[in-house]
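>>> What would the 3D arrangement of this be:
(2 chains)
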Amino acid sequence: MIDNKLKSALLSIQKPARYTGGEPGCIVKDKKNIDVRFAFCFPDTYEVGMSHLGLKVIYDVLNKQPNIWCERCFAPWTDMIEQMKLRDIPLFALESKDPLTAFDIVGFTLQYELSYTNVLLMLELAGIPFYAKDRGEDMPLICAGGPCTCNAEPMADFFDFMFLGEGEYHTVEVCNKLNELKKAGKSKQEILVELSKIDGIYVPSLYQIEYNEDNTIKSVSSAVNAPIPCSKAIVRDFKNMPFPTDVAVPMIGAIHDRAMVEVLRGCVRGCRFCQAGFIYRPFRERDAELINEGAKELCRCTGYEEISLTSLSTSDHPQLEELLDKMMVWTEKEKVNIALPSLRVDNFSESLVEKVSKVRKSGLTFAPEAGTQRLRDIINKNVTEEEIEKTCKLAFKAGYSAVKLYFMMGLPGETMEDIKGIADTAKRVIEYYYSMPDRPKGRGAEVSISVACFVPKPFTPFQFVAQNTAEEFKAKQAYLLECCANNRRIKVSYHDSDTSFLEAVFARGDRRLSKVILDAYKKGSIFDGWFECFNYQNWLDAFAENGIDMAFYANRQRPLDEINPWDHINYGVTKDFLIREYQKSLEAITSRPCNKQCYNCGANKLLGRACFEYNKA
Amino acid sequence: MNTIRLKFRKKGLSIYYSQLDLQRVMARALKKSGLPVWYSQGFNPHIYMTFTLPLSLGHESECESVDFRLNEEMAEADILKALEGTLPQGIELVSAQAPDYDARSIMFAKYDITLYGESKNIINALNSYCALEQAVVTKTTKKGQKDINLKELIKDIIVTDEKENEVTFTAIYPAGTPLNINPQLLLDFLKDNYGIEIIDAFIIRKNLFDKDMNILQ
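This next block holds a predicted model:
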């Protein structure tokens, strides 16, 4: 429980409930009956981490095992860091308040590159040595999971192993295996070699990387015959996979403070910039009845008044309308709102807009991603101007007047003409509004355009391309503002290109970056994803001191036959497929959604069967 | 429609929830309980709730309560049973009955305060305070700052326990809508004027009183 030292710390900081646990739905077990203790660490604040569905899924899956206890741990905010150092409180897990060193496995989820320094922060606060090689037999195994592990080579030196792909099964398998091996008195090295034989477990130290003189990779090998490539794990029968219905509900709010159900996994679209669209393949949907029943139970257990049907593209669920009909039978009575993020412009039907607006009327968000048809074809965002028009008019008719449009800049093949296209698209949306006689009365249209800097990511067809430089981004941002000037109905916001540059370096980085991350951390870099904490100069200095050229990773066009740092990792989609898609992009040739036509990406091999019954469609 | 006053203690982990958090906590608990709670009838229906007297973050309390309405008659035992397991650790339910007093009749609150630090210095500071004619502090309110004389408001301080590095004392403070004095104001005064070093202060609200000093509860 909370001792006086911790109590004093908690009374000296903002939002102490970030560190107390004890929410309804949090799980406390009797240590006597536990074989394996797992600390699920989210390297960001409590409010961010508690918004994350993956945490809830793994927490649920592990705690369903009677002999495993999974607890939560988040990065303490700066005021708490100060208190912990002052009062000599090691970083602890919320449920038991035990320090992380008391655990068997300490697992970090790597959701985005700019949280890497927070992993080091948490290790240091827990008194755990940074480098895997410096940790003795008495230390917990430190591991990582989450989307970034598809190329977490920049963090490779810090982790004993990584979970690749979906964790529902293999986290449990790893815990059980570890228990067995520990009881048999195996050494850490023996344990790691054994774990590397489990599907989806990547042990970086078992792989040796050789480099060429030009800093590219020469070869990847394993002296102990660890699998090359090392493949991700997936849930084959996702359709019938249950999901957590009793989850810890944050009492102090969270960024996304609502019930969530993942309705489908993977994406059929194949947008060429989108990493999620490739690394979560193959596409699998959950059964509508299973979702409906679980959602009802989830709302009952948590008391949430909003439920979000999440996925990469919720409107691609083949039973979506049927599901909404089923859910609306009870949601209206229980005063629960249904939120549908990730709707697609191209299949946003009239009956769907009606259903959504019945439960909730707020702003609508669409992501055309690029301002011209030519560029949308290059990136395979198969959205046409007509579809944008149709959808916006539908939405306006249903009473919406604010539309948010997401774009990117710095896409391959982009010209200033495409930047102007972003502004033109926004202007046309406003024209559609005023062209409608039955538009909502008394309100003016408002279009917000949010423009991100494109970051080329591994396992996408654009993994080969150079990112725009900061100068290029700045010129494009300035031009966009110029194009939107004098239009008070359009609001423009864009991302900081420095953080996008850093993201690009780490996204396609290799193991030599571990030292840079540690050096930046030692200079005081933490919470890099937080505007108020980000210190770009630290990073520039850390790279310079290590003699590493950031542009080598971010701004270099990579030859198609170069060995990439992630080429010994297999996420289903083959490099050949990515090359084919890249070459199509050069000619602005689109690919259809893969449930309509198979392009042989390779992900079906993980499934052991075809992803779709094409002859039926 | 029945108004129910749910009385509870706020202890342990739950003292770290602010008043705003507590509103969310209660609304969710009521929703989860499945009780036939009454919703406001507006465009955006929500559970109707009134907290009798807000409590500062970090303070414990023996005497919290929240009023809500039920659409049906229900026995107290059934209400308490429905709420079982819906609240976070540290919130201990006491009773669920019809309101026994008007929240506006709250005039005073008794707090026990335990200070950790050099006992001798703390006792000296408390004695010095008691001997003062005036103790003016600045209170920040929504309307701005104003000076108040604590001596007029907090008259008796009774030391109830003294250990080597720990002193507990009890006092009665104005509370409620007309004037609410946070015990922290007194601690700040002691710190600022007598230079005592308080390592920690744990504050517990013990009772509420009406204008005639009758205990409300």
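>>> Can you give me the neighbour number for residue B:142?
4 (other Cβ atoms under 10 Å in any protein chain shown). Using the backbone N, CA and C atoms, a C-beta is placed for each residue, glycine as well.
>>> Quick check: what element follows the least confident helix or strand in chain B by mean pLDDT along the chain?
One helix or strand of chain B scores below all others by mean pLDDT, DSSP states H and E: strand B:136-141, with a mean of 83. Following the chain from strand B:136-141 toward its C-terminal end, the next helix or strand by DSSP states H and E is strand B:144-149.
>>> related to what we said a few turns ago, residues touching the least confident helix or strand of chain B, excluding its own?
B:145, B:146, B:147, B:148, B:149, B:150, B:181, B:185, B:188, B:189 (Cβ atoms under 8 Å, 6 or more residues apart in numbering or on different chains).
>>> any idea which helix or strand comes after the helix or strand residue A:391 falls within?
Using DSSP H and E, residue A:391 maps to helix A:385-397. Tracing the chain past helix A:385-397, the next element assigned as helix or strand by DSSP H and E is strand A:402-409.
>>> Tell me the helices and strands packed up against that following strand.
If you count contacts as 3 or more Cβ pairs under 8 Å, 6 or more residues apart in numbering or on different chains; DSSP states H and E, strand A:402-409 packs onto strand A:364-369, helix A:416-435, strand A:446-453, helix A:470-484.
>>> Would you mind listing the buried residues in it?
A:402, A:403, A:404, A:405, A:407, A:408, A:409 (16 or more other Cβ atoms under 10 Å in any protein chain shown).
>>> still on that earlier bit, so what strands line up beside the least confident helix or strand of chain B?
Strand B:136-141 has the following strand partners under DSSP bridges: strand B:144-149 (antiparallel).
>>> Can you pull the phi/psi pair for the closest residue to residue B:9 other than its chain neighbours?
Nearest in space to residue B:9, with sequence neighbours left out and distances taken as Cβ to Cβ, 6 or more residues apart in numbering or on different chains, is residue B:92 at 4.3 Å. Reported as degrees, to the nearest 10, the phi and psi values for residue B:92 are phi -110, psi 120.
>>> my guess is residue B:92 contacts residue B:13, does it?
No - using Cβ atoms under 8 Å, residue B:92 makes no contact with residue B:13, being 11.6 Å away.
>>> So which of these two has more stuff around it?
residue B:13 (23 against 15).
>>> Under a three-state scheme, what state does that one occupy?
helix (DSSP: H, G, I helix; E, B strand; the rest coil).
>>> With chain A as the reference, measure out to the most centrally placed residue in chain B.
In chain B, the centroid-proximal residue (Cα atoms, centre = their mean) is residue B:55; its distance is 4.0 Å. Remark: distance between residue B:55 and chain A (Cβ to the nearest Cβ, to the nearest Å) = 14 Å.
>>> Checking that residue next. Helix, strand or coil?
Per three-state DSSP, residue B:55 ends up coil.
>>> how close does the residue lying farthest from the centre of chain B get to chain A?
For chain B, the C-alpha farthest from the mean C-alpha position belongs to residue B:43; by Cα atoms, centre = their mean, that distance is 32.5 Å. Between residue B:43 and chain A the distance is 11 Å, computed by Cβ to the nearest Cβ.
>>> so who does residue A:447 touch?
A:402, A:403, A:404, A:405, A:426, A:429, A:430, A:489, A:490, A:491.
>>> just checking, the fourth one touches residue A:430?
No - under the criterion of Cβ under 8 Å, residue A:405 makes no contact with residue A:430, lying 11.1 Å away.
>>> No more questions from me, cheers.
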